[in-house]
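Asks: Any chance you can model this:
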Amino acid sequence: MTRYRLLLQHVRTLGRYTSDEEAERVLHAVLTALGSQLTGEERCDLAATLPERARAAFANQIPLPQSVAAPAFVEAGARALNTSLTGARWDVSFVLAALAGLAGDHLTDRLLADLPRGYALLFGRADLAIAA
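Replies: The predicted model follows:
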């Protein structure tokens, strides 16, 4: 099984999608949105870990000058997938959790450090703030 098929199956299983086509549509939409959010080494390192088909969806996006907040990211997912905010939160969370598994803890920590606060929960992690 190819790395892309493994990633797709992981997304399908986590999100409980009924078909590979549905899982692929969600995976592509989230990767496209994420590609506009990340810059620098983290973007390059994530792209390097992605299977080629997934990498294309991610890397073909021009990064925005500033990442959007997590709620706006979910809203963009809802528009792209033509679903509710609740449905989009579900979709985004399971794709990002699958990506975190693929990327490993170290790279996921770096991605979260590069993104605005609030993305940790979307990656399936606790969003702990350090007290000042």
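Asks: Please count neighbours and contacts with C-alpha atoms only from this point.
Replies: Noted.
Asks: Can you mark which positions in the biggest helix by length in the chain are buried?
Replies: Criterion DSSP state H: the longest helix present in the chain is helix 85-114. Residues of helix 85-114 classed as buried: 85, 88-89, 91-100, 102-103, 107-108, 111-112, 114 (neighbour count, 16 or more other Cα atoms under 10 Å).
Asks: Helices of this protein, start to end?
Replies: Going by DSSP H, the chain shows helices at 3-15, 20-35, 40-49, 52-59, 70-81, 85-114.
Asks: What sits closest to residue 46 if chain neighbours are left out?
Replies: Once flanking residues are discounted, residue 46 sits nearest to residue 103: 6.7 Å by Cα to Cα, 6 or more residues apart in numbering.
Asks: distance of that neighbour from residue 63?
Replies: Going from residue 103 to residue 63 by Cα to Cα, to the nearest Å gives 19 Å.
Asks: And residue 23, by the same measure?
Replies: 24 Å.
Asks: out of these two, which sits in the busier spot?
Replies: The neighbour comparison of residue 23 against residue 63 (other Cα atoms under 10 Å) goes to residue 23, with 25 against 17.
Asks: Run a quick neighbour tally on the nearest residue to that one once chain neighbours are set aside.
Replies: Spatial nearest neighbour of residue 23, chain neighbours left out: residue 12 (5.1 Å); criterion: Cα to Cα, 6+ apart. For residue 12, the number of neighbouring residues by other Cα under 10 Å comes to 23.
Asks: residue contacts, residue 12?
Replies: 18-20, 23 (Cα atoms under 8 Å, 6 or more residues apart in numbering).
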